[in-house]
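fold the following.
(one chain, ligands or ions: 1)
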Amino acid sequence: MRDEDTATLFNRSAAESSRKTVADRALPASVRRIVIVGGGTAGWMTALTFARSLADRGTEITVVESPSVGIIGVGEGSTPWLRGFFDSLDIEEAEWMPACHATYKCGITFDRWSTKPGFERYFHPFASMLDNLTMTQFVHNVDARVNGADVPAHPDRFFIAARLARGNLAPKPAEHFPFDIWHGYHFDSVLLGQFLHGKALQRGVRYKTAHVTHANLDERGAIASVSTREGEVVEADIFVDCSGFAGLLIDQALHTPFISFRDNLFNDAAIAIPTPCGATVPAETVATAMRHGWAWKIPLTHRNGNGYVFSTQFCSPDEAERELREHLGLLDSDTPARHLKMKVGRVTRHWNQNCLAVGLSQGFIEPLEATALLFVQQTAATFVEYLERGDLSETAHEQFNARINAHFEGTRDYIVTHYKTNSRTDTEYWRTNAANKQLSDPLKQLLSLWMSGKGIAGAVRQQVLGRGYPVFSWYSIMAGMGIFPDRDALRPPQGKEGRYRLAEIDDLLHRSAGNYRDHGEVLKNIPPRRKAESLQAYFW
Ligand SMILES: Cc1cc2nc3c(=O)[nH]c(=O)nc-3n(C[C@H](O)[C@H](O)[C@H](O)COP(=O)(O)OP(=O)(O)OC[C@H]3O[C@@H](n4cnc5c(N)ncnc54)[C@H](O)[C@@H]3O)c2cc1C
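Below you'll find the predicted structure:
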């Protein structure tokens, strides 16, 4: 197993771009003013990413936000790559996490997605250096089990992050223990937006409260300016659409075609209800399968965020709210529920003319793996690369869009796999998902390679199949859902199939976990960032 297997291909490039030194590269003279329409998380993350590399060079960056349209106000879990975002901006966890009631996230537990005995629940971990000690054993055992050998292959037995989550431990090693654990975060999305807003203003970004009514196009069809309800006409060289699902510029002004993912991702609505939190602070998101979708539970320091993502093709919002309230023990409670619609899919061109779409305006894959902010990060950082190169050519547009689209498609395939491999039969929703044949060709090939027992590591690594997610994630999902021969068809391991002893792996993980402290305690006194360049190098 190579080191790269622990990182997603998608993100490795984001990380690399954030480490580049750029001061000596020329910006195109045509880019002096950038206007970002929208002040949600996408707007402020983009503003900070741009400011980091462009503000010192005289580019004026302005965020225009409507006083009457609110932000979406959900989106409270991240991938580990958000850590790279804050690192690149030199913002310490000890500063931003308490301000956003944030907690650490070691991964996601998927509960009740599978009915296969022993596989009703599994944990999708974020990778760590320590996993390099057990990854070979995991992949070996999974491959053996796919081929019928009765060996342990549940992912929870092989990864340190699963141990930490189970023990409510923070992914922050003791000072003497040099093994960094990759982790994501949970945070209050409104507070995160406010925090980023404040930081962006400190770093020279301008802010205007105004409601954009429409965009004015020039003779080439590019955006020349936007008009506001307050009577202003705001001009810029580049416009960034961070207006959320409205897609004010990319869709309403430029009519960029949109590709819906509704054929294989059925969920199109969500309900959010907060609940009080308990004394212990979990270090994981829990995604529990429900009758017509799944419910999230995200622990923050002052409350739990909960919600139900479901499909209105299969149940009404009222039915879904009732089911969520029942799940949360809130049937008789008057805690208000927020109902949201979701538009799932992506635009064909995220960079169209002089308009870049970032955030919900560019597309959205439902939040099962909490990947949306990663797209924000990736899209903004990649665009800065092109600006720094001074390349705004048509070819640059094409390359950029192909790259972002590939990330969307690869991530979509991974999310679809959660549904496709489910073994529930209790509702039409789950049966239709399992029977769905509308899969991308790479995903079809990956699933058939798995079923043939040939192993998928090589094909995933070469990005032929399984685009966007690393080998261990694919092995985790397929093994975690129990996609193996039935238990009564298993045979005793032969030859080297049974070479690894689970007791040794257990012992290793147990001893390693001893170096990590209680999550709640760590959050009371968040340690400074380790100067972790050398540690991070292991992943990238
Ligand atoms: C149910 C659900 C759960 C989610 N969970 C996650 C998760 O766990 N992790 C994750 O990464 N992401 C998640 N997301 C996605 C995440 O919420 C968004 O990606 C993120 O909040 C960024 O949103 P945004 O900034 O693009 O849009 P918004 O938050 O909608 O912001 C839009 C902005 O545009 C402005 N605006 C709109 N119209 C105008 C106008 N006419 N003039 C001027 N300004 C205007 C608004 O004022 C606002 O500031 C989730 C989304 C949903 C629906």
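
can you give me the helices in the stretch 1-150 of the chain?
With DSSP state H, counting those that start in this stretch applied, the stretch 1-150 of the chain shows helices at 9-19, 41-54, 81-88, 93-99, 135-146, listed in chain order.

the ligand: which of these is closest?
Taking Cβ to the nearest ligand atom as the criterion, helix 41-54 is the member of the helices of the stretch 1-150 of the chain that comes nearest to the ligand, at 3.3 Å. C-beta coordinates here come from the backbone N, C-alpha and C atoms, glycine included.

now do that closest one: which elements does it pack against?
Of the remaining helices and strands, those touching helix 41-54 by 3 or more Cβ pairs under 8 Å, 6 or more residues apart in numbering; DSSP states H and E are strand 33-37, strand 60-65, helix 81-88, helix 189-202, helix 372-389.

rerun that using 7 Å as the cut-off
Counting contacts by 3 or more Cβ pairs under 7 Å, 6 or more residues apart in numbering; DSSP states H and E, the secondary-structure elements packed against helix 41-54 are strand 33-37, strand 60-65, helix 189-202, helix 372-389.

next, the buried residues of the longest one.
So the one you mean is helix 372-389. Residues of helix 372-389 classed as buried by neighbour count (16 or more other Cβ atoms under 10 Å): 372-388.

residues from the stretch 1-150 of the chain in reach of the ligand?
37-43, 64-66, 69, 71-72, 74-78 (Cβ under 6 Å from any ligand atom).

again, only using 8 Å
In this structure, the stretch 1-150 of the chain approaches the ligand at residues 37-44, 64-79, judged by Cβ under 8 Å from any ligand atom.

mind putting the helices and strands packed on helix 41-54 into a markdown table with mean pLDDT?
Written out in a markdown table, the entries for those read as follows (pLDDT from 0 to 100):
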| stretch | mean pLDDT |
| --- | --- |
| strand 33-37 | 98 |
| strand 60-65 | 98 |
| helix 189-202 | 97 |
| helix 372-389 | 96 |
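
reformat these as JSON lines; add distance to residue 246.
Rendered in JSON lines, the data for these read as follows (distance: least, Cβ to Cβ, whole Å):
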{"stretch": "strand 33-37", "distance to residue 246": "10"}
{"stretch": "strand 60-65", "distance to residue 246": "13"}
{"stretch": "helix 189-202", "distance to residue 246": "17"}
{"stretch": "helix 372-389", "distance to residue 246": "16"}
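
hang on, residue 403 packs against residue 382?
Yes. When contacts are counted by Cβ atoms under 7 Å, residue 403 is listed as touching residue 382 (6.5 Å).

where does the stretch 301-450 of the chain have low pLDDT?
Residue ranges of the stretch 301-450 of the chain with pLDDT under 70: none are present.

who in it is up against the ligand?
Taking Cβ under 8 Å from any ligand atom as the contact definition, the stretch 301-450 of the chain meets the ligand at 307, 309, 340, 342, 358-361, 364, 366-367, 370-376.

the residue in the stretch 301-450 of the chain positioned nearest to the ligand: neighbouring residues, count only.
Closest to the ligand within the stretch 301-450 of the chain is residue 359: 2.4 Å, counting by Cβ to the nearest ligand atom. Residue 359 is flanked by 29 other residues according to other Cβ atoms under 10 Å.

identify the residues contacting it.
Taking Cβ atoms under 7 Å, 6 or more residues apart in numbering as the criterion, residue 359 is in contact with 40, 42, 242, 244, 376.

and with 8 Å instead?
Neighbouring residues of residue 359 by Cβ atoms under 8 Å, 6 or more residues apart in numbering: 38, 40-43, 46, 242, 244, 372, 375-376.

now it. Nearest residue, chain neighbours left out?
Leaving aside its sequence neighbours, residue 359 sits nearest to residue 42 (Cβ to Cβ, 6 or more residues apart in numbering; 2.5 Å).

and the pLDDT for that neighbour?
The per-residue pLDDT reported for residue 42 equals 98.
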